[in-house]
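J.: show me how the following folds:
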Amino acid sequence: MSVTALKSTLRRSVEDHLDRAAQSYLGDKALARIDFAGPPGEPALSGPDSVSWRIFKNPVTLFIGGVAAVILELAEPRVRTGVWENTSFCADPVGRLKRTGLAAMVTVYGARSAAAQMIARVNAMHARIAGTTPAGVPFRADDPELLTWVQATAAYGFLEAYSAYAAPLSDAERDRYYAEGQAAAALYGAAGAPRSLAEQKALFARMTPQLEASDIVFEFLKIMKRAEAFPQPAQLAQHSLVRAAVDITPAPAREVLGLGPAYGLRPFEGRIVRRMGRRADRLILRSGPAAVSCRRLGLSEGYLYRRRETL
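T.: Modelled structure (predicted):
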């Protein structure tokens, strides 16, 4: 076999593995129910040249960013109570994370009509959730303040995971990313979702005094390190991916939660995670939402990978 043929075979093998890992993380059955290929030509809430489309094609940083977002969600006592006591998160955290990842994919890549329908279902579910925190504070899941926090933490997690472990993003690109998310935020009812990097920082500064330490955060991290979110051999690196999520959690929040340096990445792990993130960002996942949605718009499945390096 020639060197060229060997490289081609290796590339297909790695690509197929990451494709399976991506579908495993999102949930094969759930992914199959979403038609990212239709309606043909219908645009998404953001366009294929957006920062969002570039970021969400990466299954490695999507997982890391999702974990980081949940850490921040669980730090807010009202959100924590709503998530841990009124959803399947406690019993099936991986399943819930997969559904969250799939919802993000539909929001970013799905046709506008499909995204609007899915978001309406999510909003209807939120409208049925209400309760009281252990400290006696009442809450509703459809409270615009809480919706804004969830929207902002998810946006932050996915953005910063991609920038840290796949391809660095400038502040201007961060501004574009937050601005692109406004259409989705409005549909979700997150009226205060940040429109720029400066607004994201201001929101986090306002919310930090409301964050609280909780054993639930540590329980969540333990579960995510050992849960079967990915197939082997990617599962071997899952412990490091969870540590990577802790690393991008803002320092003030980590301090409140008691997530010291021991919970973050060790130097050798950082190199592994960045290598995984960069590799995942170069390989076309042909059955994934990004490639399929490009085809829906009449673009090549490699449109988002135009700067792909040779393996």
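J.: and for Ala135, nearest residue in space, chain neighbours not counted?
T.: Pro77 (6.6 Å; C-beta to C-beta, 6 or more residues apart in numbering). In this view, the C-beta of every residue, glycine as well, is placed from N, C-alpha and C.
J.: the one you found and Met105, how far apart?
T.: Taking C-beta to C-beta, to the nearest Å as the measure, Pro77 falls 29 Å from Met105.
J.: of the two, who's got more company?
T.: Counted by other C-beta atoms under 10 Å, Pro77 and Met105 do not tie: Met105 has more neighbours, with 24 against 17.
J.: contacts only, for the residue nearest to Ala135.
T.: Contact analysis of Pro77 by C-beta atoms under 8 Å, 6 or more residues apart in numbering lists 133-135, 137, 210, 212, 214.
J.: what separation is there between it and Glu212?
T.: Distance of Pro77 to Glu212, given as C-beta to C-beta: 5 Å.
J.: and if you look at Ala190?
T.: In terms of C-beta to C-beta, Ala190 sits 22 Å off from Glu212.
J.: give me the residues contacting stretch 197-213.
T.: With C-beta under 8 Å, 6+ apart, stretch 197-213 has contacts from 75-77, 148-149, 152, 155-156, 171, 174-175, 178, 192, 194, 250, 252-253, 256-258.
J.: what ranges of the protein fall below the confidence cut-off?
T.: Counting by pLDDT under 70, the ranges of the chain that qualify are 1-33, 86-90, 228-236, 307-311.
J.: which parts of it are strands?
T.: Per DSSP state E, the chain carries strands over the ranges 130-132, 138-140.
J.: was I right about Val242 contacting Gly66?
T.: No. The criterion here is C-beta atoms under 8 Å, and Val242 misses it with Gly66 at 10.6 Å.
J.: returning to what we had before: format the contacts of Pro77 as JSON lines; extra columns: neighbour count and distance to Arg274.
T.: Shown next, in JSON lines, are the contacts of Pro77 (neighbours: other C-beta atoms under 10 Å; distance: C-beta to C-beta, whole Å):
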{"residue": "Thr133", "neighbour count": "17", "distance to Arg274": "38"}
{"residue": "Pro134", "neighbour count": "10", "distance to Arg274": "39"}
{"residue": "Ala135", "neighbour count": "9", "distance to Arg274": "40"}
{"residue": "Val137", "neighbour count": "11", "distance to Arg274": "40"}
{"residue": "Gln210", "neighbour count": "14", "distance to Arg274": "33"}
{"residue": "Glu212", "neighbour count": "15", "distance to Arg274": "32"}
{"residue": "Ser214", "neighbour count": "20", "distance to Arg274": "30"}
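J.: which of the residues you listed sit farthest apart?
T.: Pro134 and Gln210 (14.9 Å; C-beta to C-beta).
J.: Ala191 - how many residues pack around it?
T.: Around Ala191 there are 12 residues (other C-beta under 10 Å).
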